[in-house]
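Peer 1: this one's sequence-less:
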């Protein structure tokens, strides 16, 4: 787990872990109180229990998606984009 500062839409994540071998990116806001929801784009958003406050994001195939599309689309609840530059600090956090 690395300390990072990644802003995606209205959410700033301050922790990240990237599993290079499996290409799985996990970001979250400290402290990590979580419950999840899987939107159609294929990632998992994590919410503080009983709220709509986003506290985590898991992307399977993060680097593959960036290489293919140049960005990751995320609906939180409006659709926002995370560019390769936005996610670079987390992808480097190994």
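Peer 2: Nice, I can see it. Just so you know, these numbers come straight off a predicted model, no measurement behind them. Numbers count the residues shown, from 1 in each chain.

Peer 1: please name the bridge partners of residue 19.
Peer 2: residue 24 (DSSP bridges).

Peer 1: separation between it and residue 75?
Peer 2: 23 Å (CB to CB, to the nearest Å). Every residue, glycine included, has its C-beta placed from N, CA and C.

Peer 1: now do residue 27
Peer 2: Residue 27 is 16 Å from residue 75, where distance means CB to CB.

Peer 1: do residue 26 as well
Peer 2: To residue 75, residue 26 is 18 Å away according to CB to CB.

Peer 1: how about residue 4?
Peer 2: Computed as CB to CB, the residue 4 to residue 75 distance reads 22 Å.

Peer 1: more neighbours: residue 27 and residue 75, which one.
Peer 2: For residue 27 versus residue 75, the count of surrounding residues by other CB atoms under 10 Å is larger for residue 27: 27 against 13.

Peer 1: just give the nearest non-adjacent residue to that one, would you?
Peer 2: The shortest distance from residue 27 to any residue that is not its chain neighbour, by CB to CB, 6 or more residues apart in numbering, is 3.9 Å, and that residue is residue 13.

Peer 1: can you pull the contacts of the one you found?
Peer 2: By CB atoms under 8 Å, 6 or more residues apart in numbering, residue 13 lies in contact with 4-7, 27-29, 56-57, 90.

Peer 1: mind checking the pLDDT average for the strand or helix carrying it?
Peer 2: When elements are defined using DSSP states H and E, residue 13 is found to belong to strand 11-19. Averaging pLDDT along strand 11-19 gives 88.
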